[in-house]
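Trainee: Let's see this in three dimensions:
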Amino acid sequence: MVLMLLVSCSDEDVDNSDGSSEDDSLRFYLREYSRHIDSFPDSAFVAAGEALRLSHETEPGQSTMFDIFYALGRSAEKTGQYDIAIAYFYKAIEFTKGVDISLLATAYNHIGQIAFRQGKYNIAMEYFPKALEIRIAQKDIEGQASSYKNIGSVYQVEWKYKEAEEHYLRSLQNYMEIGSIEGQAACYNNLGGLYTDQGVYDRALEYYHKSEILYRQTNSPDILVPMYNMGLTYIDMGEIEKAGRYYRETLGIARKWPENKRLLAEAYYSLGDYMNIIQKPDSALFYFGKSIEIAERSGLEEMQARALINRSRTYSGLLRFNDAIPDYESAAFISEELNYNAQEKTKAFTQMYMQYEAKVFQKQQMQRNRMLRGFVIVLTFGILLICMIAFLLYRNNVQKKKANAKLSEQWDKIVQQNKEITDGINSASLVQRAVLPPLEYINQILPDNFILYRPFDIVSGDFYWMTQKGQYTIVVAADCTGHGVSGAVVSMLGISSLNKIVGETEIPHSDVILNKLREDIIRLLNPEGSTSHVRNGMDIALVIIDQARQEIRFSGAKNPLYLIREHELTEIKADKMTIGVDERQDQPFTERYISYRRGDMIYLFSDGYVDQFDSVDQEKFKTKRFKSLLTLVSGEDLEKQLQLLDDTHLNWRGNNHQTDDILVIGIKL
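Mentor: Residues are numbered from 1 along each chain as shown. Model (predicted):
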């Protein structure tokens, strides 16, 4: 895997002071944070924590609170507490009044980078463009260059190579404009990685070489990144000797920075890997040993564990099990210590955040005289935190006890744990299916129907719901935010709300039902006072069939309704807003009336069918192709339509995994 470079503009000095007479000691701790963040992030966290503690007494302004939470977010990011770091950055964004807008862009950029490292590319692609938009407005060329390159990195891991190259080249142009040699070098390295991913090795090596030349001009240790990548590329090309020359040269380069022990340990480690590739295990043992020695002296525990594991595997390949087992046990012990330390850091970060929230909440409750409600919320949050910490401590304790067990025993226990988790999710699936309307009931109220229902996971974020109320038959197809367990939770809330809303309604109207459903979902998922930045909810198509008047009433939240009469498809469009928090959540939904004839077909669906990628061109099925397919099969009997839709999906998908929950409902009127 080639190494890509994400870019953050210089942003460590968070002192946003406007000259006001805020507590001097608070500002002292923020300056201490800035002094330690690069070399001693744990010390930076302590300083930022002291600033947060003092904020309870001094009640500083918006810009200072932004600085404090920004500092806590950077400290958490530097120590690998990514989820907590994002939470702190979200909190910082709440205090934007009076803050330099460029710092807001930097906070967006950090959220995007953390999400990228976690593989949450949809979140990264939400926040990288936000940072870019601000930097374009401010004519910040260096910031734009960093944003374009980061967006290109997301496109690259999503295999959108054309878009990735366009953004890398725009970043390169910006860096050339401001004369940033290191920025240009980073772009050339990423362009090399882009072509390596596509198997165009000659072009990849050309870009890596350009990156190497520029890094030599700046005398930067980052030169090792394109050097490593060239070695990996030559290995992929089968030119092992050329790869070896680069690996050996990286060792010489790393020695130029004797104070940077990580570079030297990584160089020895890479040479060990290379020696294993060319089947020289004795040399591999030597280089792994050097890496372990440097890492142990320098306190690089993660590096030490990696080198111990690889040396253990090399010993095993030589059947030297008496040497392999101590290395493996040492690596396991170090890993457990790292896990324990990470747990302690998580606990410290989380407790600090909870203490701040609790104090702010108590002040608000005293002002509003709502102590009872405040106590319940704080207590609930505390219980959840204690449960989370208890679970993590329990899990790490179990792992520590098992660290010295044999690999086979560990594997058996992992398999058993996975089985228990799967059994739990299977049980949840039974609960979810139990609340869906039974097929016998559906066939009774709608004799001519089919339902294509393919959950992405064991449980689903899509659901269908039907009921009979006098002369009216109400049919719902819904697509909840996410899939799997998170989507299933929202779907259960939706089904429960629909049962209540329709049960209390005498003459149902589709728009009234959606309006009330939206109120319920917002109240349940985004209660008053919530600071969540995640918009949970659902897209939905709801149709009411009035058999007496031979007409249908339709309302939709983003999801339309298709009516096919004599092979002619009519799309009844939905409102462009969702069931949940939305920019247009104060606008009512629209109810549309459509007369129907006997024999007409209507279709309700989620977006899972049209969003499926094929196995040849990685192209989505798309709406146009879906409409043509429905028009083609609409004249067949319902069982045949279901079979044709399912077969078409499977043939289109091929060897690809299913990408989302799939729901298609067909009804012959």
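Trainee: now Glu50: how far from Arg27?
Mentor: With the distance defined as C-beta to C-beta, to the nearest Å, Glu50 ends up 11 Å from Arg27. Using the backbone N, CA and C atoms, a C-beta is placed for each residue, glycine as well.
Trainee: cool, and Tyr155?
Mentor: 41 Å.
Trainee: Comparing the two, which shows the higher neighbour count?
Mentor: Just comparing Tyr155 and Arg27: by other C-beta atoms under 10 Å the higher neighbour count belongs to Tyr155, 20 against 17.
Trainee: That one contacts Arg170, correct?
Mentor: No: contact criterion C-beta atoms under 8 Å: Tyr155 and Arg170 do not qualify, at 11.9 Å.
Trainee: which residues of the stretch 1-150 of the chain score low on pLDDT?
Mentor: Applying pLDDT under 70 to the stretch 1-150 of the chain flags residues 1-23, 38-39, 41, 56-57, 97-99.
Trainee: Point out where the protein drops to low pLDDT.
Mentor: 1-23, 38-39, 41, 56-57, 97-99, 335, 337-435, 482-486, 527-535.
Trainee: for it, what spans make up the strands?
Mentor: Applying DSSP state E to the chain gives strands spanning 449-454, 462-469, 472-480, 537-546, 551-557, 561-565, 568-572, 579-580, 592-595, 601-605, 662-668.
Trainee: Would you pull up how far stretch 470-478 lies from the middle of the chain?
Mentor: Centroid separation for stretch 470-478 versus its chain: 35 Å, with C-alpha atoms, centre = their mean, to the nearest Å.
Trainee: Next, the buried residues of that stretch.
Mentor: Neighbour counts over stretch 470-478 (16 or more other C-beta atoms under 10 Å) mark Tyr472, Thr473, Ile474, Val475, Val476, Ala477, Ala478 as buried.
Trainee: And the contacts of that stretch?
Mentor: Outside of stretch 470-478, the residues within contact range by C-beta atoms under 8 Å, 6 or more residues apart in numbering are 445-446, 462-468, 491, 494, 498, 502, 507-508, 513, 538-548, 559, 579, 604-606, 663-665, 667.
Trainee: which of those residues are buried?
Mentor: Applying 16+ other C-beta under 10 Å to the contacts of stretch 470-478 flags 445-446, 462-467, 491, 494, 498, 502, 508, 513, 538-546, 559, 579, 604-606, 663-665, 667 as buried.
Trainee: residues near Ala71, how many?
Mentor: Applying other C-beta under 10 Å, we find 28 other residues in the vicinity of Ala71.
Trainee: scratch that, Arg597
Mentor: For Arg597, the count of nearby residues is 9 (other C-beta under 10 Å).
Trainee: Ok, Val512 next?
Mentor: Look at Val512: counted by other C-beta under 10 Å, it has 16 neighbours.
Trainee: OK, contacts around the residue lying closest to it once chain neighbours are set aside?
Mentor: Counting by C-beta to C-beta, 6 or more residues apart in numbering, Val512 lies nearest to Thr505, which is 7.2 Å off, once chain neighbours are set aside. Thr505 makes contact with Lys469, Val512, Ile513, according to C-beta under 8 Å, 6+ apart.
Trainee: Adding distance to Tyr234, write these out as TSV.
Mentor: What follows is these, written out as TSV (distance: C-beta to C-beta, whole Å):
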residue	distance to Tyr234
Lys469	71
Val512	67
Ile513	64
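Trainee: And the residues you listed, which is closest to Thr233?
Mentor: Ile513 (58.7 Å; C-beta to C-beta).
Trainee: show me what contacts the nearest residue to that closest one once chain neighbours are set aside?
Mentor: Leaving aside its sequence neighbours, Ile513 sits nearest to Ile501 (C-beta to C-beta, 6+ apart; 5.6 Å). Residues in contact with Ile501 (C-beta under 8 Å, 6+ apart) are Ile513, Lys516, Leu517, Asp520.
Trainee: how about 10 Å then?
Mentor: By C-beta atoms under 10 Å, 6 or more residues apart in numbering, the residues touching Ile501 are Pro508, Val512, Ile513, Leu514, Asn515, Lys516, Leu517, Glu519, Asp520.
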